[in-house]
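sequence and predicted structure below; questions after.
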Amino acid sequence: MIKKCVLDSYAVLCYLQDEPGADIVFQLLEEAKNNEAKLLMTWVNAGEVYYRVWREYGKLQAEKIFSLLLAWPLELLVADEELTLQAAAVKAENRLSYA
């Protein structure tokens, strides 16, 4: 069975800024590229990456990063009712970002 991992905006930003944890995201991207893992991310998290890069580095850099993100071996999920409630349950029981 292929392992599934969900990336949030924090993980992506750590990777992009080569902060602690970047190596873990790199490994997951390699595994996904080799069909050893499936990476998931919500559009809400992708939007968060976009606005945070825009705020820090400008719109042009945000567009470049977003294009890079779309090229990753990553499935972007729409946050429907079921997914939203699952995320809320995780947030209620853990100290994580809701998005």
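Received it, and whenever you're ready, just let me know what you need. Residues are numbered from 1 along each chain as shown.

how far away is residue 38 from residue 31?
9 Å (CB to CB, to the nearest Å). The way it works is simple: take the backbone N, C-alpha and C, and place the C-beta from them, glycine included.

any common contacting residues for these two?
residue 3 (CB atoms under 8 Å, 6 or more residues apart in numbering).

beyond the longest helix seen in the chain, next helix or strand please.
Assignment by DSSP state H gives helix 43-57 as the longest helix of the chain. Using DSSP states H and E, the helix or strand that directly follows helix 43-57 along the chain is helix 59-71.

buried ones in that next one?
62, 65-66, 69 (16 or more other CB atoms under 10 Å).

between these, which is nearest residue 47?
residue 66 (9.1 Å; CB to CB).

separation between the closest residue to the closest one other than its chain neighbours and residue 31?
Spatial nearest neighbour of residue 66, excluding adjacent residues (CB to CB, 6 or more residues apart in numbering): residue 50 at 5.1 Å. Distance from residue 50 to residue 31, counting by CB to CB: 25 Å.

next, work out how far apart residue 17 and residue 69 are.
Using CB to CB, residue 17 is found at 14 Å from residue 69.
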